[in-house]
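Sequence and predicted structure, then a few things I'm wondering about:
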Amino acid sequence: MNAADVPIWRDTPPWWRRLEALLFAAVFAYTTWGLAAGLTRYARETAGGKGFLADLLKPFDDGNYHDSVLAVVGLLIALLTLWELARFLIAQSGKERAAGPGAAARLFSATAREYQPTFFTGVLLGLLPRLIVIDVFWLLLPHFEHLALFDVGYTWYGWLYALLAWDLSMWLWHYSAHKVRLLWCLHSPHHAPENLNMTVAWVHFFAEGYYSALVQVPLLMLLGVESGMLVVLMAFEVTWGTFIHAGERSFRTGRFGPARFFIITPSYHRVHHAKNPLYMDSNFCSLLPFWDWMFGTLQPLRDEVKIEYGITRDINVTSFVDFYFGEFLLLARDLRGARGWRERFAYLFMPPGWAPGDPSHTATHVKRQFLLEHPELRPSSAPKLMSRWWLPAAVVLLALGFMWPAMAADRKPTEFGVCFHHGAFGNEHTPEAAAVLDDLRSAGRYWIRGDFQEPVKDAAFFADMQRKDIAVLALLPWYSKDVSGWPAYVRKQVQATPDVTAWEIANEPEMTWWGGPIPAADYLRMLREARAIVRDSNADARLIGPAVGATREGVAYLESLIGMGLLDSVDAVSVHYYVFHRSTQLEDVKRVVAGRKPIWITETGWNTADQEGGEQAQRAYIQSHYDRTRGILGADPAIEVIFHYELNDEHFPAPAGKDDGWGLTHGPDGGFGKKAAYHEFKKLLTNDPG
């Protein structure tokens, strides 16, 4: 490059270089001390029976087994980061001392070339607003969830499918980031460091997450990946994606033996970071080598081709402006010199290195020329499918074709139930009401959910349900923050009806409506006390909870409970879903439950008095939400049981504005006249595959 062609921002003024050097010294000391102090504190906690041991063993209590893997890899990342840093400083200091006077200055300069870009970027991303990919993901999800062609569900093959889909989305955005110059401007800082070490994983242009999320979220939602799976997959990708940046100071070759055939290893990712012609634009995946193999971009490390890290243009890595913004500035210079809009458009979207009429500096051209000159380095037996785009697509479609019948056969059909106030608001369990229950039972089996508050009434009601072969979910409501009387209440109820099939613990404990909110810790204690009493009487009984609303407050309450160990004490997570009450954040519920327990919708329905459309709208709600093949709730593989709220209206005609009119019948005041929704609900029982 001629002196005239050197960008003015690459060689910054002396005063600016001194300022950057001072800043780096401070950042280096602060970051290194933070890493060492954090690891020391973690070691002390581990010695005390917490720390690593707790992180390793806690998943076996809360069911998040993947967290054990993340704990091991996370600790390894911290150790390797400090190990690489220490080895560099020891080796470099010895080298500089041997070179004579001025060793300290040369050591600082070498350390800056190695670590200044990565440490500066790490601090920058920490100081900027949270513009990273995980936040953008959750901002975009609600806008694309409705695009799902199907739901894969939280089955073993669903997780395998989700992993492949995730890595496909990674390949797509990563490949594009190397093939489109505008996107390369976002991605190039990650490739700019001249050596590979663990801290290179910190280097990302802050806005790159917008682009990657815009590619990944629509694709993953379209392919039916559950939003709750993304939490786990993203955690694995971030953790393993950091680990594979381990350089030669950690692992000499980083191939990991036969493991390289199944996972992306450090050797694969070193190749990805190389600027050698043979290695350009290869190994775009971060977890599995599958899609790189399918699309012909998999390139193993060759011992005869020593890796040269970095990017092909001249760059001053100790100049933060050149390192972080240099590609954007060069693109802007080319755009200003372009002749017309077509040329400007080409500069933006053609591959890096392209110039009008001259593709010789693009990675594709450079690599092709290199292989022509070194034919011995060509893959000896590359399968033809590597160069055929239609075959990968066919394989994906075939995989879906095989998986779909497996999912349909494996998934248990959604069950249905009705809420019935047999004793809470007077005695609804009358001969007339019993006739309605009998009529529904003639169509098929179903559940009934009742408030169990009066043992005498409850025992008679439960005995009748047993005779009718109707499964009972006994709700144990608690309308106070004072939970001191809870164990006695539960014991009395269980003694009256010890053979109840399932018990639901409390009702909307996060709300003030029912005398709450009950603090999450108190609710969890109530749940565990109830579990001990119920299981002592009936070891087969199921425990359901916490019956929260699918609202922002309800999801936060549920997430808090799960963090305290809720999933150890329940057999299913119960949620209330109401369009009328804006309690519809089911995707957030699924995200925090993440398939570890089935979800029961223990209240949902349509109000014929206060919601538009009356009885016909209620009927349409059941069709659109309960249907097992197309319904918003009924076709969701995460949901096991749906309870319609409720069987009967409390008053007839239902007074507007009084939150009434939920029933499938007009209730006792209306002679139990059946609404249009009643007949629609009965059809669901008639078509019950069970």
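Cool, got the structure.

C-alpha from now on. contacts and neighbour counts both.
Noted.

quick one, strands of the stretch 451-600 of the chain?
Using DSSP state E, counting those that start in this stretch, the strands of the stretch 451-600 of the chain run over 471-476, 502-505, 542-549, 572-577, 599-604.

Pairing partners for the second one, with directions?
Right, the one you point to is strand 502-505. The strands beside strand 502-505 in its sheet (DSSP bridges) come out as strand 471-476 (parallel), strand 542-549 (parallel).

Same check on the last one?
Using DSSP bridges, the strands paired with strand 599-604 are strand 572-577 (parallel), strand 639-644 (parallel).

start to end distance for stretch 242-259?
17 Å (C-alpha to C-alpha, to the nearest Å).

next one: stretch 220-228
Termini of stretch 220-228 sit 12 Å apart (C-alpha to C-alpha).

Can you list the neighbours in contact with it?
Contact with stretch 220-228 is made by 141, 144-154, 162, 165-166, 169, 587-588, 590-595, as judged by C-alpha atoms under 8 Å, 6 or more residues apart in numbering.

Quick check: ChimeraX command selecting the buried ones in the residues you listed.
Those of these that count as buried under 16 or more other C-alpha atoms under 10 Å are selected in ChimeraX with:
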select :141,145,148,150,151,152,153,154,162,165,166,169,587,588,590,591,592,593,594,595
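
So which of the contacts of stretch 220-228 sit within helices?
Those of those mapping onto helices are Leu141, Phe144, Ala162, Ala165, Trp166, Ser169, Glu587, Asp588, Lys590, Arg591, Val592, Val593, per DSSP state H.

Go ahead and confirm the fifth one touches Leu233.
Yes: using C-alpha atoms under 8 Å as the test, Trp166 is close enough to Leu233 to be in contact (7.4 Å).

ok, so what distance separates Leu685 from Gly241?
To Gly241, Leu685 is 49 Å away according to C-alpha to C-alpha.

tell me the mean pLDDT for stretch 546-562?
The pLDDT scores in stretch 546-562 average 94.

Show me what counts as buried in it.
By 16+ other C-alpha under 10 Å, the buried positions in stretch 546-562 come out as 546-551, 554-559, 561-562.

Helices - which of these land there?
Gly554, Val555, Ala556, Tyr557, Leu558, Glu559, Leu561, Ile562.

My read is that the first one contacts Pro546, right?
No: when contacts are counted by C-alpha under 8 Å, Gly554 is not listed as touching Pro546 (9.5 Å).

With distance to Leu372 as extra columns, can I get the buried residues of stretch 546-562 in TSV?
Listed next are the buried residues of stretch 546-562 as TSV, based on distance: C-alpha to C-alpha, whole Å:
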residue	distance to Leu372
Pro546	66
Ala547	67
Val548	66
Gly549	65
Ala550	61
Thr551	62
Gly554	63
Val555	59
Ala556	60
Tyr557	63
Leu558	61
Glu559	58
Leu561	62
Ile562	59
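
Quickly check those for the two that are furthest apart.
For the buried residues of stretch 546-562, the farthest-apart pair by C-alpha to C-alpha is Thr551 and Ile562; their separation is 16.1 Å.

circling back: of the ones in helices among the contacts of stretch 220-228, closest to Arg17?
Ser169 (39.9 Å).

Report the contact partners of the residue nearest to that closest one when sequence neighbours are not counted.
With sequence-adjacent residues excluded and distances taken as C-alpha to C-alpha, 6 or more residues apart in numbering, Ser169 is closest to Gln216, at 5.1 Å. Contacts for Gln216 (C-alpha under 8 Å, 6+ apart) come out as Trp166, Ser169, Met170, Trp173.

Grab the two from these that are most spread out in space.
Using C-alpha to C-alpha, the contacts of Gln216 span at most 11.0 Å, a distance reached by Trp166 and Trp173.

Any stretches of this protein with poor pLDDT?
1-11, 53-70, 127-135, 379-411, 423-427, 687-690 (pLDDT under 70).

Could you chop the protein up by domain?
Per the record, the chain has its domains at 3-325, 413-686, by automatic domain parsing.

and Lys367, which of these is closest to it?
Closest of these to Lys367 is domain 3-325, at 4.8 Å (criterion: C-alpha to C-alpha).

I'd say His365 and Gly353 touch.
No: using C-alpha under 8 Å, His365 is not in contact with Gly353, being 9.8 Å away.

neighbour count winner among the two?
Legend: neighbour count by other C-alpha atoms under 10 Å for His365 and Gly353, higher for Gly353 (18 against 13).

Now do the same contact list for the more buried one.
Gly353 neighbours (C-alpha under 8 Å, 6+ apart): Pro359, Ser360, His361, Thr362, Ala363.

The fourth one: neighbour count?
Thr362 has 17 neighbouring residues, counting by other C-alpha under 10 Å.

and the nearest residue to it once chain neighbours are set aside, which of the three is it?
Nearest non-adjacent residue to Thr362, counting by C-alpha to C-alpha, 6+ apart: Gly353, 4.6 Å away. Three-state call for Gly353 (DSSP: H, G, I helix; E, B strand; the rest coil): coil.

Gly353 and His174, how far apart?
Distance, Gly353 to His174, by C-alpha to C-alpha: 17 Å.

To His269, which of the strands paired with strand 599-604 lies closest?
strand 639-644 (39.9 Å).

quick one, the next helix or strand after that closest one and strand 639-644 angle?
Sequence order places helix 676-686 as the next helix or strand after strand 639-644, per DSSP states H and E. Angle, helix 676-686 to strand 639-644, by axes from the mean of the first three to the mean of the last three C-alpha atoms, to 10 degrees: 150 degrees.

before we move on, the earlier item: can you tell me which of the contacts of Gly353 lies nearest to Thr265?
For the contacts of Gly353, the nearest to Thr265 is Ala363 (23.3 Å; C-alpha to C-alpha).

Am I right that Leu360 is in contact with Lys367?
Slight slip there: residue 360 is Ser, not Leu. No: contact between Ser360 and Lys367 fails when scored by C-alpha under 8 Å: they sit 10.0 Å apart.

which of the two has more neighbours?
The neighbour count for Ser360 versus Lys367, taken as other C-alpha under 10 Å, is higher for Lys367 (18 against 13).

What strand or helix carries the more buried one?
Using DSSP H and E, Lys367 sits in helix 363-373.

Also Ala26?
Per DSSP H and E: helix 14-47 holds Ala26.

Packing partners of that helix?
helix 51-57, helix 66-98, helix 103-127 (3 or more C-alpha pairs under 8 Å, 6 or more residues apart in numbering; DSSP states H and E).

Which among the ones you listed is found nearest to Ile632?
Across these, closest to Ile632 is helix 66-98 (C-alpha to C-alpha), at 29.1 Å.

OK, contacts around His361?
Gly353, Trp354.

wait, is it part of a helix?
No: His361 sits outside any helix when classified using three-state DSSP, being coil.

For it, give me phi and psi.
In terms of degrees, to the nearest 10, the main-chain angles of His361 are phi -100, psi 0.
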